[in-house]
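Peer 1: What follows is a predicted structure for the sequence shown.
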Amino acid sequence: MQAVLTVDLGAVADNWLLLRDRAAPGAVAGVVKADGYGLGAAPVARALHAVGCRHFFVAHLTEGVAVRAALGPGPMVAVLNGFAPGADGEAGLLPVLNGPGDVAAWAAAARAKGRQLPALLHVDTGMARLGLTPAEAAVLAADPARLAGLELRHVMTHLACADDPENPLNAQQASRFAAIRARLPAAAASLANSSGMFLGPDFGSDLARPGCALYGINPTPAVPNPMRQVATLEAPVLQVREIPAGTPVGYGASWTAARPSRIATVAAGYADGYLRSLSGRAVGRIAGRPVPLVGRVSMDLITFDVTDLPDVVPGTMVQLIGPGNTPDEVAAVAGTIGYEILTSLGARYRRAYRAA
């Protein structure tokens, strides 16, 4: 028996359409890095493309090659971490240029090829991660010949605190971005991530880049989630065991039955991305009814107290993610974020896709 991860591609498409309507007249991309946040980059990208998405972002070159193969020619596929000139072969991927070295390498490649090469330019306005620093951007602005041969499709930056609307860094980054763009050669702007799209008109641009919101993670943590839920994870009961009061369960004997109990052992564990920090804290659901996880999460197995559900037998499915157990809710129990819950989902789950 195998756990099943069901992905609602219709919900992914609806989430993109909701974001598209918020961003109008600007375009909305689909960020499908980390294998579509753990849910499958190829089927997710195809579902987004079917409803009008024409811009896609991945983190690594190999991800870009896979998404290009899934979509065919046409849509923009940009690689956020960049790559060396020529490394993409004929895949038709666009690099994000993250520093002066990237700019120089691609400008040299354009001269060698005798034609313009498309790319995106990343400027850092407050993350201190990738992207040209303000000083490096100023050098580029003062000597635009450094960009000769490059067809800049977009100039982009990344918001550090967009999920905290009151953080003053949001406005500072928007202001810095506008000032930098004003000095660079004209190119379309790309500013807002998922949460940034909910910060107001000052954060609009030619191309928004939502990721987490497409997959049902709340982009507005302080208010109810406007997005549809996408992922449902269910795992089968392998065995139900009757134990007397005083019996410990699992590694470390961290939980002991206070009454005669029925323990359901379920086929999932931290090797599948069901985090060990959920030990003794998470709740599963069986036909909508909550059952507590007892004992530690182990590599391949978890245990639930089903004493009050006498109809549970081997083969019964326990919902680990889904209604009442959203990625954000599971993350809150685990002490992490919904992003980690989704991107940790392991390869041993059978993935089932609900058509858009």
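Peer 2: Good, I have the coordinates.
Peer 1: Pull up the gap between the closest residue to Arg289 other than its chain neighbours and Gly40, please.
Peer 2: Once flanking residues are discounted, Arg289 sits nearest to Leu309: 6.2 Å by CB to CB, 6 or more residues apart in numbering. The C-beta positions use only the backbone N, C-alpha and C, and glycine is treated the same way. With distances taken as CB to CB, to the nearest Å, Leu309 is found 32 Å from Gly40.
Peer 1: Please identify which of those two sits among more neighbours.
Peer 2: Neighbours were counted for Leu309 and for Gly40 using other CB atoms under 10 Å; Gly40 has more, 20 against 17.
Peer 1: ok now do that one, which residues does it touch?
Peer 2: Contact partners of Gly40, counting by CB atoms under 8 Å, 6 or more residues apart in numbering, are Val7, Arg351, Tyr353.
Peer 1: same check, this time on Gly10
Peer 2: Here Gly10 is in contact with Ala47, Arg354, Ala355, Ala356 (criterion: CB under 8 Å, 6+ apart).
Peer 1: So the second one versus Ala11, what's the distance?
Peer 2: Pointing back at Arg354 there. To Ala11, Arg354 is 8 Å away according to CB to CB.
Peer 1: Also the first one?
Peer 2: Computed as CB to CB, the Ala47 to Ala11 distance reads 9 Å.
Peer 1: quick one: Ala186 from Thr157, how far?
Peer 2: 16 Å.
Peer 1: between the two, who's got more neighbours?
Peer 2: Thr157 (25 against 8).
Peer 1: Quick check: the more buried one touching Leu120?
Peer 2: No: assessed by CB atoms under 8 Å, Thr157 is found out of contact with Leu120, at 10.9 Å.
Peer 1: Pull up the overlap in contacts between those two.
Peer 2: With CB under 8 Å, 6+ apart as the test, Thr157 and Leu120 both reach Ser190.
Peer 1: Where do the strands of the stretch 201-350 of the chain begin and end?
Peer 2: Under the criterion DSSP state E, counting those that start in this stretch, the stretch 201-350 of the chain contains strands at 207-208, 231-243, 248-249, 255-256, 261-266, 283-286, 289-294, 302-305, 317-321, 350-354.
Peer 1: Just the CA atoms of the longest one, as CSV, please.
Peer 2: Just to be clear, that refers to strand 231-243. This file holds the C-alpha atoms of strand 231-243, laid out as CSV (Å, rounded to 0.1, in the frame of the first residue of the first chain):
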residue,chain,number,x,y,z
ALA,A,231,-2.6,19.4,-2.5
THR,A,232,-4.1,16.5,-0.6
LEU,A,233,-1.9,13.8,0.9
GLU,A,234,-3.3,10.5,2.2
ALA,A,235,-1.4,7.5,3.5
PRO,A,236,-2.8,4.0,4.2
VAL,A,237,-3.1,2.3,7.6
LEU,A,238,-0.8,-0.7,7.5
GLN,A,239,-1.8,-2.2,10.9
VAL,A,240,-4.1,-1.5,13.8
ARG,A,241,-2.8,-2.7,17.2
GLU,A,242,-4.7,-3.0,20.5
ILE,A,243,-2.5,-2.0,23.4
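Peer 1: Sort out which residues of that strand are buried, please.
Peer 2: Ala231, Thr232, Leu233, Glu234, Ala235, Pro236, Val237, Val240, Ile243 (16 or more other CB atoms under 10 Å).
Peer 1: cool, stretch 290-301 as well?
Peer 2: Buried, per 16+ other CB under 10 Å, within stretch 290-301: Val291, Leu293, Val294, Gly295, Arg296, Val297, Ser298, Leu301.
Peer 1: Same question for stretch 174-185.
Peer 2: Buried residues in stretch 174-185 (16+ other CB under 10 Å): Ala174, Arg176, Phe177, Ile180, Arg181, Leu184.
Peer 1: Do a quick rundown of the helices in the stretch 51-200 of the chain.
Peer 2: Residue ranges of the helices in the stretch 51-200 of the chain, as given by DSSP state H, counting those that start in this stretch, are 61-71, 100-113, 134-142, 168-183.
Peer 1: Deepest in the core, which of the ones you listed is it.
Peer 2: helix 61-71 (a mean of 20; mean count of other CB atoms under 10 Å).
Peer 1: low pLDDT regions in the stretch 51-200 of the chain?
Peer 2: Applying pLDDT under 70 to the stretch 51-200 of the chain flags the ranges 89-90.
Peer 1: in the stretch 1-150 of the chain, which spans are strands?
Peer 2: 4-8, 27-28, 30-31, 55-58, 76-79, 94-97, 117-122, 150-156.
Peer 1: neighbouring contacts of the last one?
Peer 2: When contacts are defined by CB under 8 Å, 6+ apart, strand 150-156 is touched by residues 76, 94, 96-97, 103, 106-107, 110, 116-123, 180-181, 184-185, 187-191, 206-207, 209.
Peer 1: go with 7 Å
Peer 2: Contact partners of strand 150-156, identified using CB atoms under 7 Å, 6 or more residues apart in numbering, comprise 94, 106-107, 110, 116-123, 181, 184-185, 187-190, 206-207.
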